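**Student:** following is a predicted model, sequence given first.
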Amino acid sequence: MTAPVDVGPAAPGGQGGAGGEHRPVPGATVVGDGTTTRDRTRRRWQRWRWPAVVALLVVLVGLAAALPEPARSTVPLAPDNPQDLGARALAQILERQGVEIEYVRRSAEALAEAERGGTVLVTGSTLLTIDQIEALAALPNDLVLLEPDPSMLFAATDAAETAAVAGPPGLRSAQCDDRDALAAGAVRVGGGGYLALTDDATVCFLGGAPGVGAYLVVDGDRRITALADASLLTNAELADMGNAALAVRMLGRQDRLVWYVPSIDDFGTDALATGPALGDLVPPWAALLGLQALVVAAVAAVWRGRRLGRLVTEPLPVTVRAAETTRGRGRLYRRARAYGHASAALRAGTASRAATRLGLPRSAGAPAVIDALARATGRPTDEIAGLLYGPPPTDDAGLTRLARRLDDLESEVHRP
């Protein structure tokens, strides 16, 4: 609806314009193009609504990225993970016993924290490199290894080794003189096992193969403990049988514990590096901000993109025969004195046709083509290599001789 235009107050004497009194219409605004404010606002909203929606999404994502991260995680065997696969219950028990826990995710952090003393717990060594394993194994601290692979155990001690045959899972008693194992009594374990090689090593919770146990203790300058089943420390199984007693005595021997859970982004990094990694220098919300920028760029590309129509074929203005194209290219080569390009084209054509004739694949290399041509023609391989892959001619006469010799070679290959 177009509102009438308000022309202002009436003329003196009550007359306005052509003879009638013009009164302003309530709710109408004087606009030069005859539209109302509502019409102009509606058009502006239709023009800017999508950019406004994108800006609103950007603000919401930014606010979500700025929110503090939750205090707990979902990392298996992490001391702040309250789920079944976490170890928060064990961490809380140790803290009530006066053990200070330092939770780290990188080997460099574990090495730095180990310098302050205490026991070092390594929850897994699958993601670690050889340098990281050797650096951790060389620590003078007491080590507790959960499900270590053979390389980790070999680097830490030579008093025991990983058993080749693992015992079946089930309930096992201590069957040794280690105080921690005797305090636990019996545990339900599964997985691999360890075999003692010297008198310094003690194997407990035997099962399966003779002398193979799921719990290993090596006493010496430091105490090295290996447990073949890390699930005993999880929240779901800590209260089962003697799991809690074994875990608390195994990790609570000192008043400080470095709890190292290797992370995926720590894979392949230098274990001896003590400086902060690139991920440590970037704020925690940088990843979400980068994802937000990608979403905005994708939306902007869709919004401002232009849809192409279907392909349209059109007849060529003129048809050029292949022979004319070849002769034209040859004249260009001759005018430019491009003997190298011309000889390369001749040699490539001869090699391709000869290889096809001899049944060679298109991916066959130069040695295969030369050997096949030598067997087919009886010529020496050096002669064929010189013809197909030798230096380019330097004049018209040399190019002509090369063309004739290539033609003779190809005719011998095609000879029945």
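**Tutor:** Sure, I can see it. Numbers count the residues shown, from 1 in each chain.
**Student:** now do the SS call for P210.
**Tutor:** Taking DSSP: H, G, I helix; E, B strand; the rest coil as the rule, one finds P210 in the coil state.
**Student:** no wait, L195
**Tutor:** strand.
**Student:** show me the helices in this structure, by range?
**Tutor:** Assigned by DSSP state H, the helices in the chain fall at 37-66, 88-96, 107-114, 130-137, 150-156, 179-184, 243-251, 278-281, 286-304, 322-335, 339-357, 366-377, 381-389, 396-414.
**Student:** for the third one, C-alpha coordinates in CSV please.
**Tutor:** If I follow you right, that is helix 107-114. Taking only C-alpha atoms (Å, rounded to 0.1, in the frame of the first residue of the first chain), the coordinates of helix 107-114 have been written out as CSV:
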residue,chain,number,x,y,z
SER,A,107,56.6,-37.0,27.4
ALA,A,108,58.5,-33.7,27.7
GLU,A,109,56.2,-32.7,30.6
ALA,A,110,56.7,-36.1,32.2
LEU,A,111,60.4,-35.8,32.1
ALA,A,112,60.3,-32.3,33.5
GLU,A,113,58.1,-33.3,36.4
ALA,A,114,60.1,-36.4,37.1
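**Student:** from G378, how far out is the residue nearest to the spatial centre of the chain?
**Tutor:** For the chain, the residue nearest the mean C-alpha position is D265 (9.0 Å; C-alpha atoms, centre = their mean). Taking C-beta to C-beta, to the nearest Å as the measure, D265 falls 63 Å from G378. Using the backbone N, CA and C atoms, a C-beta is placed for each residue, glycine as well.
**Student:** kindly report the same for V122.
**Tutor:** 69 Å.
**Student:** same check on R40?
**Tutor:** 91 Å.
**Student:** check N81 too.
**Tutor:** 76 Å.
**Student:** do the same with N235
**Tutor:** 80 Å.
**Student:** looking at the two, which one has more neighbours?
**Tutor:** Remark: of N235 and G378, N235 carries more neighbours, 18 against 8, as counted by other C-beta atoms under 10 Å.
**Student:** mind listing what the closest residue to the more buried one other than its chain neighbours touches?
**Tutor:** Of all residues not flanking N235 in the chain, A89 sits nearest, at 4.8 Å (C-beta to C-beta, 6 or more residues apart in numbering). The contact partners of A89, by C-beta atoms under 8 Å, 6 or more residues apart in numbering, come to P82, N235, L238.
**Student:** could those residues go into TSV alongside distance to C204 and pLDDT?
**Tutor:** Formatted as TSV, the contacts of A89 follow (distance: C-beta to C-beta, whole Å; pLDDT from 0 to 100):
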residue	distance to C204	pLDDT
P82	30	90
N235	24	91
L238	19	90
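**Student:** what is the end-to-end distance of stretch 170-182?
**Tutor:** End-to-end distance of stretch 170-182 (C-alpha to C-alpha, to the nearest Å): 17 Å.
**Student:** distance of the nearest residue to L136 once chain neighbours are set aside relative to G192?
**Tutor:** Nearest residue to L136, sequence neighbours excluded (C-beta to C-beta, 6+ apart): V122, at 6.1 Å. Look at V122 and G192: by C-beta to C-beta, they are 16 Å apart.
**Student:** do the same with V120
**Tutor:** 21 Å.
**Student:** ranking helices and strands of the protein by mean pLDDT, which lands last?
**Tutor:** Ranked by mean pLDDT, DSSP states H and E, the weakest helix or strand in the chain is helix 278-281, scoring a mean of 62.
**Student:** and P284, how many neighbours?
**Tutor:** Burial of P284 is recorded as 11 neighbouring residues (other C-beta under 10 Å).
**Student:** could you shift the numbering so residue one becomes 581, and keep it that way?
**Tutor:** From this message on, residue numbering opens at 581, which makes the last subject P864.
**Student:** state the phi and psi torsions of it.
**Tutor:** Per-residue torsions, P864: phi -60, psi -20 (degrees, to the nearest 10).
**Student:** before we move on, what's the pLDDT of D758?
**Tutor:** D758 carries a pLDDT value of 90.
**Student:** that one and A794: what is the separation?
**Tutor:** Counting by C-beta to C-beta, the gap from D758 to A794 is 12 Å.
**Student:** so what's R914 up against?
**Tutor:** By C-beta under 8 Å, 6+ apart, the contact set of R914 is A922, D976.
**Student:** report the separation between it and R620.
**Tutor:** 71 Å.
**Student:** got any residues that touch both of D758 and A794?
**Tutor:** C784.
**Student:** where does the prediction get shaky in the chain?
**Tutor:** For the chain, the stretches with pLDDT under 70 are 581-616, 645-652, 745-747, 771, 847-862, 885-889, 994-996.
**Student:** related to what we said a few turns ago, of the contacts of A669, closest to L674?
**Tutor:** L818 (11.5 Å; C-beta to C-beta).
**Student:** do I have it right that the closest one meets S811?
**Tutor:** No: in this structure L818 lies outside contact range of S811 using C-beta atoms under 8 Å: 9.5 Å.
**Student:** so what's V641 up against?
**Tutor:** Residues near V641 by C-beta under 8 Å, 6+ apart: L868, L871, Q872, V875.
**Student:** name only those of these that count as buried.
**Tutor:** Among those, those classed as buried by 16 or more other C-beta atoms under 10 Å are L868, Q872.
**Student:** now for the contacts of V641: which two are most distant?
**Tutor:** L868 and V875 (10.4 Å).
**Student:** was I right about R803 contacting R833?
**Tutor:** Yes: R803 lies in contact with R833 (C-beta under 8 Å); the separation is 7.3 Å.
**Student:** what touches both of these two?
**Tutor:** D722.
**Student:** can I get the contacts of A669 in CSV with distance to G939?
**Tutor:** Converted to CSV, the contacts of A669 look like this (distance: C-beta to C-beta, whole Å):
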residue, distance to G939
P662, 68
N815, 67
L818, 69
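**Student:** nearest to N721 among the residues you listed?
**Tutor:** Once C-beta to C-beta is applied, the member of the contacts of A669 that ends up nearest N721 is L818, at 24.0 Å.
**Student:** relative to T906, how far out is the closest one?
**Tutor:** L818 is 82 Å from T906, by C-beta to C-beta.
**Student:** which one of those two has more residues nearby?
**Tutor:** Between L818 and T906, counting by other C-beta under 10 Å, L818 is the more crowded of the two (19 against 11).
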